[in-house]
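*Asks:* Here's a sequence, model it:
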Amino acid sequence: MQLGGKVAAKVTSKGPERQSVSSRHTGQTTARPAVRVRRHPVRPRVTSPERRVANMFRRWYRGLIGYFRETRLEMRKVAWPSRRETVIYTLVVVLATVVVGVIVWVFDVGLSAALGLIIK
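*Replies:* Residues are numbered from 1 along each chain as shown. Below is the predicted model:
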């Protein structure tokens, strides 16, 4: 659009105006800070098949790198147990496994004996 020999930029907003936390009670609104200026219409880009494959690989690679980066950041937030706690928890798990195994073995032997008496 031409205005007085100068090119006017088309200003687009990304949504309605926001209310700041302090102005919610008074009803005043503030403009959104993110305003995008578009100087020309967006045209679809024509790319070769080789370039599409390269872009596809690049997006996949960036996604994979981002996944591992986020995983590393999340692992830093974990509250890791101390060595003593780890040993105690391991012993609890082993003991519980042995107890459940003995209980299952007792039922197995008992039911096998009972079925043996019924079948004979």
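*Asks:* Ile65 should be in a helix, yeah?
*Replies:* Yes. Judged by DSSP: H, G, I helix; E, B strand; the rest coil, Ile65 forms part of a helix.
*Asks:* Need the pLDDT of it.
*Replies:* Here, the pLDDT recorded for Ile65 equals 94.
*Asks:* What residues sit buried inside stretch 101-110?
*Replies:* By 16 or more other C-beta atoms under 10 Å, stretch 101-110 has no buried positions at all. C-beta coordinates here come from the backbone N, C-alpha and C atoms, glycine included.
*Asks:* Put the alpha carbons of that stretch into PDB.
*Replies:* Only the C-alpha atoms of stretch 101-110 are listed here, as PDB (Å, rounded to 0.1, in the frame of the first residue of the first chain):
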ATOM      1  CA  GLY A 101       8.300 -66.000  46.000                       C
ATOM      2  CA  VAL A 102       8.000 -68.200  49.100                       C
ATOM      3  CA  ILE A 103       4.300 -67.500  49.400                       C
ATOM      4  CA  VAL A 104       3.700 -68.400  45.700                       C
ATOM      5  CA  TRP A 105       5.800 -71.600  46.300                       C
ATOM      6  CA  VAL A 106       3.800 -72.600  49.300                       C
ATOM      7  CA  PHE A 107       0.500 -72.200  47.400                       C
ATOM      8  CA  ASP A 108       1.900 -74.100  44.500                       C
ATOM      9  CA  VAL A 109       3.000 -77.000  46.600                       C
ATOM     10  CA  GLY A 110      -0.300 -77.000  48.600                       C
END
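*Asks:* avg pLDDT for it?
*Replies:* Stretch 101-110 comes out at a mean pLDDT of 97.
*Asks:* Could you point out which residue ranges in the chain have low pLDDT?
*Replies:* Low-confidence segments of the chain (pLDDT under 70): 1-38, 46.
*Asks:* Where does the record place the domain boundaries for it?
*Replies:* 48-78, 81-120 (automatic domain parsing).
*Asks:* can you tell me which of those comes nearest to Arg39?
*Replies:* domain 48-78 (24.4 Å; C-beta to C-beta).
*Asks:* ok, back up a step: dump the domains of the chain to TSV, plus distance to Arg39.
*Replies:* Shown next, in TSV, are the domains of the chain (distance: least, C-beta to C-beta, whole Å):
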stretch	distance to Arg39
domain 48-78	24
domain 81-120	57
